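In: got a predicted structure here, sequence first:
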Amino acid sequence: MLYLYLLAVFVTLTEGVYHPHPGARFQWQLEVDDDNPMVYSMHADMYDADLWALTPQDISAIHAKGGKVICYFSAGSYDKNRPDAHLFHSSDIGNKMHGWDEYWIDITSSNVKSIMLKRMDLAKRKHCDGIEPDNVDGHEAGNAHFAFGYQDQLIYNRWLADQAHARDLSIGLKNDAEQIKELHSWFDWALNEECHENDGGRECLLYQPFLDEGKAVFNIEYVNSKHLSSHDKSKCTSHHPQGMSTQFKLWDITDWVYHCPHQ
């Protein structure tokens, strides 16, 4: 009975939150600047772009055409170029992320959580419909500077979802595929990078619980040029659970996109 009660409370709290369904059209553009303005002329149900780069004009224009706006920020790393970078304490900042000019942060820190709340509040003030918190799988990365592990990551990710829903914001689970069984009911959709390249493509199949709940799963596969190879295009059908939407992006994540046919 207690489980049913808690489930009913959870459903009630998320009734007003945007839940994209499998097959929803998704546009992801994190590179937004003077040289790469936000492009929303294509048909998409939801547009996902950087929280700080999106302008009120961008958001209003997307809403005017019936689209939803998802605002991206990192919930698991420190980037010195972010406007709120000064709010982090030195004790919050850990090891450098491999391949990126960012650093893992201590997700058990009360100060880190305070910063994330401010980011969600900013998303709400800007009229974002949801958020895409990145780097929520620090427990996988051998972040030796901090002692947090699998359970700490679960607690933090569920906390992010609860705080997003408290603000009527939709929230997507970014990667963290190994915790899907424990997290799929807390998140409204999922975004995966390169599951076709991981574990022989079997990582894609881990997203079935989201699809079973009628929640969209978006898969991004990276390419080095706009001319896709036959190997690239084979990802549109290989290791592809029914309902997953795959698209191809250049590594700098500009507005260019190739959607798999019939998805």
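Out: Structure's in. What do you need? Residues are numbered from 1 along each chain as shown.

In: secondary structure element for Asn95?
Out: strand 93-96 (DSSP states H and E).

In: residues near His145, how many?
Out: 14 (other CB atoms under 10 Å). C-beta: built from backbone N, CA, C; applies to glycine.

In: so it is in contact with Ile105, correct?
Out: No - contact between His145 and Ile105 fails when scored by CB atoms under 8 Å: they sit 9.7 Å apart.

In: list residues touching both of the two?
Out: With contacts defined as CB atoms under 8 Å, 6 or more residues apart in numbering, the residues shared by His145 and Ile105 are Gly94.

In: where does the chain dip in pLDDT?
Out: Confidence mapping of the chain against pLDDT under 70 gives the ranges 1-15, 141-144.

In: show me where it has its helices.
Out: Using DSSP state H, the helices assigned to the chain run over residues 2-13, 56-64, 110-125, 150-166, 180-183, 208-212, 230-234.

In: could I get those as TSV with mean neighbour count and distance to Leu30?
Out: Below are those laid out as TSV (neighbours: other CB atoms under 10 Å; distance: least, CB to CB, whole Å):
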stretch	mean neighbour count	distance to Leu30
helix 2-13	10	29
helix 56-64	14	13
helix 110-125	16	15
helix 150-166	18	19
helix 180-183	17	23
helix 208-212	18	22
helix 230-234	12	20
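
In: what about those, which gets the closest to Ser245?
Out: Comparison of the helices of the chain against Ser245 by CB to CB identifies helix 208-212 as nearest, at 10.4 Å.

In: for the closest one, give me every contacting residue.
Out: Contacts of helix 208-212 (CB under 8 Å, 6+ apart): 22, 173, 180-181, 184, 187, 189-190, 216-217, 241-244.

In: which residues touch Tyr40?
Out: 27, 47, 58, 61-62, 65, 67.

In: thinking again about what came up before, need the helices of the chain in CSV (columns: distance to Asp199).
Out: Shown next, in CSV, are the helices of the chain (distance: least, CB to CB, whole Å):
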stretch, distance to Asp199
helix 2-13, 31
helix 56-64, 35
helix 110-125, 30
helix 150-166, 18
helix 180-183, 13
helix 208-212, 15
helix 230-234, 17
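
In: compare those helices and give me the one nearest Gly200.
Out: Going by CB to CB, the one of those nearest Gly200 is helix 230-234, 13.2 Å.

In: what lies in contact with the closest one?
Out: With CB under 8 Å, 6+ apart as the test, helix 230-234 has contacts from 221, 223, 248, 260.

In: repeat the analysis, applying 7 Å as the threshold.
Out: With CB atoms under 7 Å, 6 or more residues apart in numbering as the test, helix 230-234 has contacts from 221, 223, 248.

In: now, these that are in strands?
Out: Among the contacts of helix 230-234, DSSP state E puts 221, 223, 248 in strands.

In: so what's the residue count around the last one?
Out: Put plainly, it is Phe248. Residues near Phe248, counting by other CB under 10 Å: 20.

In: tell me the contacts of it?
Out: Taking CB under 7 Å, 6+ apart as the test, what Phe248 contacts is 221, 223, 228, 232, 258.

In: and it, bridged to which residues?
Out: Glu221, Tyr258 (DSSP bridges).
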